[in-house]
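Participant: sequence below, structure please.
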Amino acid sequence: MSKKKTKQISVTAFFVILMFVSACGQSSVTSDKGKNKTGSSTTTQVAENKYKVTFIELGSVRCIPCKQMQAVMKSIETKYGKEVKIDFHDIWTEAGKPYGVKYGIEAIPTQVFLDETGKEYYRHVGFFPEEELVKVLQQKGVKQK
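Facilitator: Below is the predicted model:
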């Protein structure tokens, strides 16, 4: 392999790692509310779904912005539980890693939103404030209980 090719690969790897580090260090506020004790959740089964939206959170319980998202997920579950299914996958675990690959995750946290048919209709990377997240849910007719 040429030196130019090796340098190009090294630079690419550096930027990928930099993206992960920057996404995980966006804030210093932490919250453990809604923390999934196993580090991942059950497999998303949208086809048999009675929910209007499936909200998939891909992150880690050890990432600061991901920890902040735990509180947002808990609040969404409390307010919209009958219409929104929430799946959390800790992609830094063996059980969660395949979901990171499946959804093509480049940085965490990443939120993926699926409609009733299982089709992705929205994606966000980084901490997602509840007020903004609710707007995404409302696109599919989700209403607070």
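Participant: could you point out which element follows the lowest-mean-pLDDT helix or strand in the chain?
Facilitator: The least trusted helix or strand in the chain, going by mean pLDDT, DSSP states H and E, turns out to be helix 3-24, with a mean of 47. As assigned by DSSP states H and E, the chain's next helix or strand after helix 3-24 is strand 53-59.
Participant: name the nearest residue to Lys82, sequence neighbours excluded.
Facilitator: Leaving aside its chain neighbours, Lys82 sits nearest to Lys145 (5.8 Å; criterion: Cβ to Cβ, 6 or more residues apart in numbering). To be clear about C-beta, it is placed using only N, CA and C from the backbone, and glycine gets the same treatment.
Participant: again, but for Ile56
Facilitator: Leaving aside its sequence neighbours, Ile56 sits nearest to Val112 (Cβ to Cβ, 6+ apart; 4.3 Å).
Participant: quick one: that neighbour is in a strand?
Facilitator: Yes - assessed by DSSP: H, G, I helix; E, B strand; the rest coil, Val112 belongs to a strand.
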